[in-house]
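> Quick one: sequence and predicted model below, then my questions.
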Amino acid sequence: MSYPNPRVHRDPRAFGILRELLISTSQDALQYTPMGGGTVARRRVASMLRRRFDIPYGYRDVLLTPGATAAINVALTALFRPGDEVLVITPCWMDYFLYLKHLGITAIAVPSAHDKRLDLQALLAAAGPRTAGVVVGQPSCPTGVLHRADELKELASTLEAIAARSGRRPLLISDEVHRDQVWGSPSFTSPAQFYPDTLTVYSFGKAWSLQGQRLGYLAIGPHLRRHDDALMRSERAIRSTGVCAPTALLQLLIPEIVDLEPDGTSLREDQVALRRVLMDAGYAPVEADATAFVYASCPPGATDWEFVTALAQHGLLAMPSSLFHETGFFRMALNVDSSRFGDVARRLSVTRQEITGKPSEARI
């Protein structure tokens, strides 16, 4: 339950469509496309974004990329320079800091509040004259916290305050790769709806359990298109980084799935069940509404690395929160279905008892 390659295929529709496309597509359709992707697929993505978020994206504002990691690299390469500072809200996906360091951009970690929601006072305090950008996960990985509309409005106000103080408007990178894995009750809101200088990153692969096929995009806020050369620089970055575009076959898939919403029924059921397993075993999972992850605090008496090492000795693999740039927690990926949760509960309970010396009250 560590690496997010699910053995549970929750909605097979995209895979079924891809299989049919492979059978019916001619070889002529599998040739080079423009660096930012074919026009038809980009138009369909822009149209979806306009309808869903009421933001006037055009097709050139959407750059198709081989996965969200490529989209993030394109954005950082195109729109930031060595010596810039980028504030990264933590805990976060592990590799932001690697990309920033590689590009000579200073990364500054800004810890979330104790409940893993945005700490905007900490964000304001961390900003300085060289602050060029902010990276936020919406929803957050690894915690699964989905930021509410009122929080995102306050985030926009905080970014405006940073701009007023320094004379430089920070760009906001909104990592929305888990956008279609909302299993709780709140609806999804994008930061781009409140802050115009937003670059949105998305992954079709994550939504449909096809992440190894690498299919995503970078959406550039139309405000940036009008007031900057962000689009031209991003298109050039696609070439200079060697990122190019997704395969031609996957670009044919986009028009078929862009308006589909993955069925989250089984994810919701498994989230509720695994969280109950953790609580019964004496653990405290972070309250969340999205992603296929559960993030929980480690038992007292062990660091996160010590805890996951002990857990692994009992045959259960999880990730320590140090990988996500904070300590004291662990992340489990919902890679198996609920038929295995009894076994998971036993391994969690035995490990906790070994570390704390206290018996567990878990119902196994």
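Yes, it's here.
> excluding its backbone neighbours, what's nearest residue 296?
Once flanking residues are discounted, residue 296 sits nearest to residue 285: 4.3 Å by CB to CB, 6 or more residues apart in numbering. (C-beta placed from N, C-alpha, C; glycine too.)
> any idea how far that neighbour lies from residue 276?
In this view, residue 285 and residue 276 are 9 Å apart by CB to CB, to the nearest Å.
> what about those two, which has more around it?
In this view residue 285 and residue 276 are compared by other CB atoms under 10 Å, and residue 285 has more residues nearby, 20 against 14.
> Next one, pLDDT for the more buried one please.
For residue 285, the model assigns a pLDDT of 98.
> Please apply the same query to residue 207.
At residue 207, pLDDT is 89.
> Would you confirm that it contacts residue 179?
Yes. Look at residue 207 against residue 179 with CB atoms under 8 Å: they come within range, at 7.4 Å.
> Which helix runs longest in the chain?
In the chain, assigned by DSSP state H, the helix with the most residues is helix 149-166.
> What average pLDDT does that helix get?
Per-residue scores along helix 149-166 average to 97.
> That helix - contacts with which helices or strands?
helix 120-126, strand 131-137 (3 or more CB pairs under 8 Å, 6 or more residues apart in numbering; DSSP states H and E).
> try it again with 6 Å
helix 120-126 (3 or more CB pairs under 6 Å, 6 or more residues apart in numbering; DSSP states H and E).
> How far off centre is the helix it packs on?
Counting by CA atoms, centre = their mean, to the nearest Å, helix 120-126 is centred 22 Å from the centre of its parent chain.
> Give me the contacts around stretch 66-73.
With contact meaning CB atoms under 6 Å, 6 or more residues apart in numbering, stretch 66-73 is reached by 65, 99, 177, 201, 203, 214, 216, 218, 241, 243, 246.
> How about the contacts made by the second one?
The neighbourhood of residue 99, defined by CB under 6 Å, 6+ apart, consists of 73, 76.
> Other residues contacting stretch 24-32?
So stretch 24-32 is in contact with residue 248, going by CB under 6 Å, 6+ apart.
> and if you look at stretch 234-247?
Residues from elsewhere that reach stretch 234-247 (CB under 6 Å, 6+ apart): 33, 35-37, 63-66, 70, 73-74, 77-78, 215.
> Tell me where the stretch 151-300 of the chain is predicted with low confidence.
Low-confidence segments of the stretch 151-300 of the chain, defined by pLDDT under 70, are located at 227.
> Let's verify residue 16: helix, strand, or coil?
At residue 16 the chain is in helix, as set by DSSP: H, G, I helix; E, B strand; the rest coil.
> so who does it touch?
So residue 16 contacts nothing (CB under 6 Å, 6+ apart).
> Please report the distance of it from residue 117.
In terms of CB to CB, residue 16 sits 38 Å off from residue 117.
> do the same with residue 134
Residue 134 sits 15 Å away from residue 117, going by CB to CB.
> Which one of those two is surrounded by more residues?
residue 134 (26 against 17).
> Compare the contacts of stretch 66-73 and tell me which has the most neighbours.
Result: residue 65 is most packed of these (other CB under 10 Å), 30 neighbours.
> who does that one bridge with?
Beta-bridge partners of residue 65, counted by DSSP bridges, are residue 216.
> Let me see the contact set for it.
71, 216, 217, 243 are the contacts of residue 65 under CB under 6 Å, 6+ apart.
> Columns distance to residue 231 on top of the residues you listed, output as CSV?
Below are the contacts of residue 65 laid out as CSV (distance: CB to CB, whole Å):
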residue, distance to residue 231
71, 14
216, 18
217, 13
243, 16
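> Report the secondary structure state of residue 218.
Strictly by three-state DSSP, residue 218 counts as strand.
> ugh, typo on my part, it should be residue 335
coil.
> Kindly report the same for residue 245.
Assigned with three-state DSSP, residue 245 falls in the coil class.
> What is the neighbour count of it?
For residue 245, using other CB under 10 Å, the count is 24.
> Which residue is the nearest non-sequential neighbour of it?
residue 37 (4.5 Å).
> again with residue 2
Closest to residue 2 by CB to CB, 6+ apart is residue 317, at 4.1 Å.
> likewise residue 198?
residue 192 (4.0 Å).
> The one you found contacts residue 202, correct?
No. Residue 192 lies out of contact with residue 202 (CB atoms under 6 Å); the separation is 11.2 Å.
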